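**Q** Need the 3D shape of this:
(one chain, ligands or ions: 2)
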Amino acid sequence: MLFSSKSLIGIDIGSYSIKIAAFNGRPGAYALKAAACFKLPSEGGQAAPMEPGFLSGIIKSQKISGRTASASFTGHSLIFKHLHLPQMPEKDLKEAVKWEVRKEIAIDPKDLISDYVLSGSGKDKTLSIIAFAAVRNEVEGQMRLFKEAGLELKVLEAVPTALLSAFDLNNGWEAGVNYGMLDIGDGRSTLAVLKDKRLSFVREISIGGRDLTRSLAQALNISYEEAEERKIQNGLKEGDKAAVKALSAPLERLCTEIHRSFDYYHAQFREGSVTKLFLSGGTARMVGIEGFITNLTGIQSYADDPLRKIKIPKGMDRQALGRIAPCLSIAAGLATRVP
Ligand SMILES: Nc1ncnc2c1ncn2[C@@H]1O[C@H](COP(=O)(O)OP(=O)(O)OP(=O)(O)O)[C@@H](O)[C@H]1O
Ligand SMILES: [Mg+2]
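**A** Ligands and ions are numbered 1, 2, ... in the order given. Below is the predicted model:
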């Protein structure tokens, strides 16, 4: 049985590209309706602001019939906060989370939107919570963009919860095991630890593909555009020692931050180690990145393939999809959200 009219178009707009995924079917038996990744037009190295016409044009190009969508929040104001609160009824919890978030942010409470997910409950019966908050203007601006593009936005969520849905789409859960997902985009990376079907820990790291390109451009004394092309072409391919060294520097910093985050997670949450790390985002497509991160972190790392368990209809280009697959994780997670 197909539920195509109800399924959502998952839309992940980043600072470098826009990613779309849409499925037919139901959990456990999805078929691919559309999947694509488009580089955003940029002005002097900066992506131009997303226009409604551009967004609607991209959806039209995918020939997707539905108009309901779910999207990742793109604003810069998003913050995460790990909280431990006593057990209380849900409506009180909402207020308590708002209060905790607003304690630390110098923004008028009415200008802030907050939400939370339950990440677990401690032995002392306290609730572990991950709270998200963003400036109201940015949230409303993104909702307006979708409306003007002719889309009905049913879900707007932060990247970490979309990564949780993406993981759930393809993987079994072993009880008590900590899994890591790291989305390495252009301007930033998002690290999420997942356990028992929940988001357990989140951290945003301000290192992304842009830092790799910059480092390469500087070391080889070439333009940013040339460096970008070389990075995408060769990645960490052995043989090009100077390039590998230049790309390694920001990646080493990223691995140090991953290490620090996991150390903090073990210490603060009294948790076991992360056993597998799945890499998504454009930078996860780079030649040699899995081995590099595995070696430096000591955690087996894999480029994520969010379409691994999705039926690909005849006529769709499997190889092309395979090449962009790691970019699609967030969009695929979003596409599985229940409206
Ligand atoms: N084959 C490749 N090899 C190396 N890097 C790549 C490859 N393909 C894309 N990238 C890099 O991935 C980055 C873009 O990733 P992505 O599209 O996930 O970013 P984004 O989601 O738009 O950005 P952000 O999440 O930071 O806002 C760029 O730095 C780009 O150079
Ligand atoms: Mg991104």
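
**Q** tell me the contacts of Leu182?
**A** Going by CB atoms under 8 Å, 6 or more residues apart in numbering, Leu182 touches 189-192, 258, 277-281, 284, 293, 301. In short, each C-beta sits where N, CA and C put it, glycine included.

**Q** What residues does the stretch 1-150 of the chain have near ligand 1?
**A** Gly14, Ser15, Tyr16, Ser17 (CB under 6 Å from any ligand atom).

**Q** so is the nearest residue to Val135 once chain neighbours are set aside in a helix, a strand, or just coil?
**A** Spatially, and ignoring its direct neighbours in sequence, Val135 is nearest to Ser77 (3.9 Å; CB to CB, 6 or more residues apart in numbering). Following DSSP: H, G, I helix; E, B strand; the rest coil, the label given to Ser77 is coil.

**Q** Phi, psi for Ser77 please.
**A** Dihedral pair for Ser77: phi -80, psi 0, per degrees, to the nearest 10.

**Q** in terms of contact, does it touch Gly141 like I think?
**A** No. The pair Ser77 / Gly141 is not scored as a contact, 10.6 Å apart, by CB atoms under 8 Å.

**Q** which of those two has more neighbours?
**A** Ser77 (17 against 13; other CB atoms under 10 Å).

**Q** Could you report the distance from that one to Lys110?
**A** Ser77 is 15 Å from Lys110, where distance means CB to CB, to the nearest Å.

**Q** Same check on Gly176?
**A** 41 Å.

**Q** quick one: the residue of the stretch 1-150 of the chain found nearest ligand 2 and Arg188, what's the gap?
**A** With CB to the ion as the measure, Gly14 is the residue of the stretch 1-150 of the chain nearest to ligand 2, at 3.3 Å. Distance, Gly14 to Arg188, using CB to CB: 9 Å.

**Q** Where does the stretch 1-150 of the chain get nearest to ligand 1, residue-wise?
**A** At 2.1 Å from ligand 1, Gly14 is the closest residue in the stretch 1-150 of the chain, using CB to the nearest ligand atom.

**Q** Could you count how many residues lie near that residue?
**A** 23.

**Q** Next: Ala303.
**A** With other CB under 10 Å as criterion, Ala303 counts 18.

**Q** is it in a bridge, and if so with what?
**A** Leu279 (DSSP bridges).

**Q** Now for it: which residues touch it?
**A** Contacts of Ala303 by CB under 8 Å, 6+ apart are Phe278, Leu279, Ser280, Ala284, Arg285, Ile289, Glu290, Ala325, Pro326.

**Q** need the contact list for the second one.
**A** Applying CB under 8 Å, 6+ apart, we find Leu279 in contact with Met181, Leu182, Asp183, Ile184, Ile289, Glu290, Ile293, Ser301, Tyr302, Ala303, Asp304, Pro326.

**Q** Redo the residues you listed as TSV? Include distance to Thr68 and pLDDT.
**A** Formatted as TSV, these follow (distance: CB to CB, whole Å; pLDDT from 0 to 100):
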residue	distance to Thr68	pLDDT
Met181	26	98
Leu182	29	98
Asp183	24	98
Ile184	29	98
Ile289	34	98
Glu290	35	98
Ile293	36	98
Ser301	34	98
Tyr302	32	97
Ala303	30	97
Asp304	25	97
Pro326	26	98
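
**Q** Weed out the non-buried ones from these.
**A** For those, a burial check counting by 16 or more other CB atoms under 10 Å picks out Met181, Leu182, Asp183, Ile184, Ile289, Glu290, Ile293, Ser301, Ala303, Asp304, Pro326.

**Q** Please narrow those residues to those residing in strands.
**A** Met181, Leu182, Asp183, Ile184, Ser301, Ala303 (DSSP state E).

**Q** Show the contacting residues for the third one.
**A** It refers to Asp183. Contacts for Asp183 (CB under 8 Å, 6+ apart) come out as Val159, Leu163, Ser189, Thr190, Leu279, Ser280, Gly281, Ala284, Ser329, Ile330.
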